[in-house]
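> Sequence first, predicted model second:
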Amino acid sequence: MSELQEFKCPNCGGSVEFDPHAQKLKCPYCDSEFEVEALKEYGQQLDQEQESEIKWNNTAGSNWQDDELSKMRTYVCQSCGGEIITDDTTAASLCPFCGNAVVMKANFADDLKPDLVIPFCLDKQQAKQMLLKHYRGKKLLPKYFKEENVIEEIKGVYVPFWLFDADVEAKMRYKGTRTRFWSSADYDYTETSFYAIVREGNIGFTKVPVDGSSKMSDELMEAIEPFDTSAAVDFETAYLAGYFADRYDVDVDRSIDRANERIVQSTKDAFATSAGGYGALVCEHAGIHLDNNQVRYALYPVWLLTTSWQGKSYTFAMNGQTGKFVGNLPCDPKLALLWFIGISIGAMILCYVLILLLWNMGILR
């Protein structure tokens, strides 16, 4: 039985027809014209395109040894439910996530042991200095945030991250446009040319981080990136001495979607840079396949300050390796009102002086 072949317009999706006058295929819906061979090759290319296949082999973490477990303690916050890991010499007092008191809980023998850790490079005093620098110039910041007792509550926490490695093979297809304008005596003309652009190649990703704690905002953790992963070392419990370590509660399987989002978007961005020179560029198909993928479990150093003001919680985070500091600051409404009044009075005085000056110059009569 014979089969009917239908050609679709790459621009609007309508069925194209052969125009005997132009000797080209023409779309009756958007008036786009195509060379026969070009559209045939385009159809063959679509038939060969493969959907993305992104699968991960979970090899993150290892089992704890008995002698390591005997030196570890876990604390649980009765307010936010946060679980914090420390060594047996650390006194847990306040939860680094919400600021409330924490109490001791059972051990964590069923948890995974981290593969890697980036040790703290900046101490508490440096974290306080960066916090004060973050406050600098914030005229409407409530006085409460500058008090010494609030600053002293900064806690050093090792935050759990899943690190994703992968080699990516990708084939991307874009639709590019170039537009030309010209005019005659009677008409203005616009000509838009459409191009099918194909890019394919390989790109490697190493240690793509995804926060493994539901208590930590992904946006906050990604905001203090990057971490220098070349400084990561094999995990030893000794690195936890004097610090907290957040207990992961988002496993690898639940973190894969975010890792895929970051890898896919980075791949698209990298390939798109090689397809410049067009007025508009739209990715119509992305075929992405992973190979040699690996997942590892790591602890990254973060200084945290969590406090509340007028019933709202505020969390500040600093990269314990690089010093990058992020966090939203509140505005004191009383100070804001005083500033508004002061600016308004100043503007009124300035207007009065300007009017008086123009009057004396005879401009205003």
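In hand now; what should we look at?

> Counting neighbours, what do you get for E284?
The tally of other residues near E284 (other Cβ atoms under 10 Å) stands at 13. Using the backbone N, CA and C atoms, a C-beta is placed for each residue, glycine as well.

> Quick one: low-confidence residue ranges for the stretch 201-350 of the chain.
Within the stretch 201-350 of the chain, the stretches with pLDDT under 70 are 308-309, 311, 328-344, 346-347.

> Strands of that one, residue ranges please.
Secondary structure of the stretch 201-350 of the chain (DSSP state E, counting those that start in this stretch): strands at 233-234, 244-246, 280-309, 312-319, 325-326.

> So S313 is in contact with T307, correct?
Yes: contact status for S313 versus T307: in contact at 7.5 Å, counting by Cβ atoms under 8 Å.

> what about these two, which has more around it?
T307 (18 against 12).

> Surely the more buried one and I154 touch.
No: if you go by Cβ under 8 Å, T307 and I154 don't touch, sitting 10.0 Å apart.

> just the helices in the stretch 201-350 of the chain please.
218-223, 252-272, 333-360 (DSSP state H, counting those that start in this stretch).

> what about the strands of the stretch 201-350 of the chain, which gets the closest to S214?
strand 244-246 (10.0 Å; Cβ to Cβ).

> Buried residues, the closest one. List them.
The neighbour-count check on strand 244-246 (16 or more other Cβ atoms under 10 Å) flags 244-246 as buried.

> What is the helix or strand encompassing T179 packed up against?
Assigning secondary structure by DSSP states H and E places T179 in strand 155-183. On a contact count with 3 or more Cβ pairs under 8 Å, 6 or more residues apart in numbering; DSSP states H and E, strand 155-183 meets strand 188-211, strand 244-246, helix 252-272, strand 280-309.

> For K124, which of the ones you listed is the nearest?
That would be strand 280-309 among those, by Cβ to Cβ, at 7.4 Å.

> in the closest one, what's buried?
Buried-residue list, strand 280-309, by 16+ other Cβ under 10 Å: 285-290, 293, 295-307.

> And for Y195, the neighbour number?
So Y195, with other Cβ under 10 Å, has 14 neighbours.

> Just grab the bridge partners of it for me.
Counting by DSSP bridges, Y195 is bridged to G176.

> For it, give me its contacts.
175-178, 278 (Cβ atoms under 8 Å, 6 or more residues apart in numbering).

> distance of it from R180?
13 Å (Cβ to Cβ, to the nearest Å).

> ok, now F227?
Taking Cβ to Cβ, one finds F227 at 48 Å from R180.

> Who has more neighbours out of those two?
Neighbours per residue, other Cβ under 10 Å: of F227 and R180, the larger number sits with F227, 22 against 10.

> Got phi/psi on the more buried one?
With angles defined as degrees, to the nearest 10, F227 sits at phi -100, psi 150.

> That one touches K324, doesn't it?
No: counting by Cβ under 8 Å, F227 stays clear of K324, with 9.5 Å between them.

> How is the protein divided into domains?
Annotated domains of the chain cover 1-48, 66-167+201-272+288-331, 333-365 [automatic domain parsing].

> Show me what the mean pLDDT comes to for stretch 170-178.
Mean pLDDT, stretch 170-178: 86.

> List the buried residues for that stretch?
Those would be 170-176, for stretch 170-178 by 16+ other Cβ under 10 Å.

> Same question for stretch 214-231.
For stretch 214-231, a neighbour-count test (16+ other Cβ under 10 Å) marks 215-216, 220-221, 224, 227 as buried.

> Now tabulate the residues you listed in JSON lines and tack on distance to K26.
Formatted as JSON lines, the buried residues of stretch 214-231 follow (distance: Cβ to Cβ, whole Å):
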{"residue": "K215", "distance to K26": "59"}
{"residue": "M216", "distance to K26": "56"}
{"residue": "L220", "distance to K26": "54"}
{"residue": "M221", "distance to K26": "53"}
{"residue": "I224", "distance to K26": "55"}
{"residue": "F227", "distance to K26": "55"}
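
> Report the two of these separated the most.
Using Cβ to Cβ, the buried residues of stretch 214-231 reach their maximum pairwise distance at K215 and F227, which is 19.0 Å.

> follow-up on the earlier one: quick one: which of the buried residues of stretch 170-178 is nearest V233?
Nearest to V233 among the buried residues of stretch 170-178, with distances taken as Cβ to Cβ, is A170, at 32.5 Å.

> And the closest one, how far from K207?
20 Å.

> and if you look at T307?
32 Å.

> Same check on D249?
Note on D249: its distance to K207, by Cβ to Cβ, is 21 Å.

> Buried residues of stretch 252-262, list them for me.
In stretch 252-262, counting by 16+ other Cβ under 10 Å, buried: 252, 255-256, 258-260, 262.
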